[in-house]
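> got a predicted structure here, sequence first:
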Amino acid sequence: MKSNLDLINESDSFPYYEDNPGKYIKFRSSYWEFHLRGGSGPHGYMPQYVFERFAEMPWVNAWDIDFSKKTLTPGPGRQEDIIREELEQAKKKGVFEVLNRGWRNELYPIYGHNDPSEKIISMERAGSALFGINSYGVHMTVFVNTPEGMKIWVPRRAKNKQTYGGYLDNTVAGGLSTGEQPFECMIRECAEEASLPEALVRSNAKPCGTVSYIHIRDERAGGETGLVQPECQHVYDMEIGADVIPKPCDDEVESFYLWTVEEVQEALAKGQFKPNCALVLLDFFVRHGILTGDNEPDYVEIVSRLHRKLPFPTS
């Protein structure tokens, strides 16, 4: 059985310098820094083996590469076009499974160091983990207050999903594309994944901050492992009546369950939830007084780890 701190460590799995400087430096040395022209620092971390696979393609000729500093920067030309063309070529040649299985024709933004509110470029979502850039999403916990106590709507991901097939999820969740506002993204995902009407969501969903972490992908995510995913999730809560029942609308959700808090906690301890969804639920438990300093010995560390400062510019 996993403790709540185990769940944190599983999702926020990139090491901290403060915990062990030597270990951190050794780990970081196995990654390349992805830079953009005109930027003042890195925008992502790329594993050594990913760099080597790219370097076997004509890819290397379109980039400025510093082998001593292990940095790569798009060369002359429009940076967004260079990245898109190389990802498309890698997909065509079948170089990376994450591109073969997960290409979405959906763009993720990369923001600048000098003005974090300004998007520099966008990148195909499926390639974002190869470059290790910050990504953003929305997660909502939908709950019902019943005479027996609070119950939470929990979906099971379709078994054929590219990532974490068959795992439990937050009630509604999805990636935030370039140009999309978080709440509008949530409205869309509610309709697509849970058949929840727009009017209901606009009237009842409440923004509750963010959860951030740096995850290192393992085999459950599908495709290549060791990829770095710094993520920031915009978190929402929504209380609904017993007469409202989420239903799968697309092929991403298999079924929904209405579970007590104790049933959700048991499934978390058994590792049945997608790792980042566990963090969102722990944040929900903290905010609703379910998880406290009186019943959780690692409470202070858990709360602080739910809001990691990301290493690259955020919007």
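Thanks, I have it.
> need the nearest residue in space to Asp251, chain neighbours excluded.
Excluding its sequence neighbours, the residue lying closest to Asp251 (CB to CB, 6 or more residues apart in numbering) is Ala158, at 5.8 Å. Every C-beta, even on glycine, is put in place using the N, C-alpha and C of the backbone.
> does Glu266 belong to a helix, a strand or coil?
helix (DSSP: H, G, I helix; E, B strand; the rest coil).
> now do the one 10 residues further on
Look at Asn276: counting by three-state DSSP, its state is helix.
> contact partners for it?
Residues near Asn276 by CB atoms under 8 Å, 6 or more residues apart in numbering: 11, 139, 211, 213, 215, 231, 233.
> dump stretch 131-148 to CSV, restricted to CA.
C-alpha atoms of stretch 131-148 as CSV (Å, rounded to 0.1, in the frame of the first residue of the first chain):
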residue,chain,number,x,y,z
PHE,A,131,11.9,18.2,-25.2
GLY,A,132,10.9,18.3,-21.6
ILE,A,133,9.0,21.6,-21.8
ASN,A,134,6.4,22.9,-19.2
SER,A,135,2.9,21.7,-20.1
TYR,A,136,-0.4,22.8,-18.6
GLY,A,137,-3.8,21.2,-18.0
VAL,A,138,-7.1,21.4,-16.2
HIS,A,139,-8.4,18.9,-13.6
MET,A,140,-11.7,19.0,-11.8
THR,A,141,-13.1,17.0,-8.9
VAL,A,142,-16.9,16.6,-9.0
PHE,A,143,-18.5,15.6,-5.7
VAL,A,144,-21.9,15.1,-4.1
ASN,A,145,-22.8,15.7,-0.5
THR,A,146,-25.1,12.9,0.6
PRO,A,147,-26.7,11.9,3.9
GLU,A,148,-23.9,9.4,4.2
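> now that stretch: buried residues?
Neighbour-count burial for stretch 131-148 flags 131-144 (criterion: 16 or more other CB atoms under 10 Å).
> return the subset of the residues you listed lying in strands.
Counting by DSSP state E, the buried residues of stretch 131-148 place 135-144 in strands.
> quick one: which of these is nearest to Glu296?
Comparing these against Glu296 with CB to CB places Thr141 closest, at 18.4 Å.
> so in terms of bridging, what pairs with the closest one?
Beta-bridge partners of Thr141, counted by DSSP bridges, are Asp237.
> in the protein, which helix is the longest?
helix 79-93 (DSSP state H).
> now do the same contact list for His215.
Shown in contact with His215 (CB under 8 Å, 6+ apart): 11-14, 228-231, 275-276.
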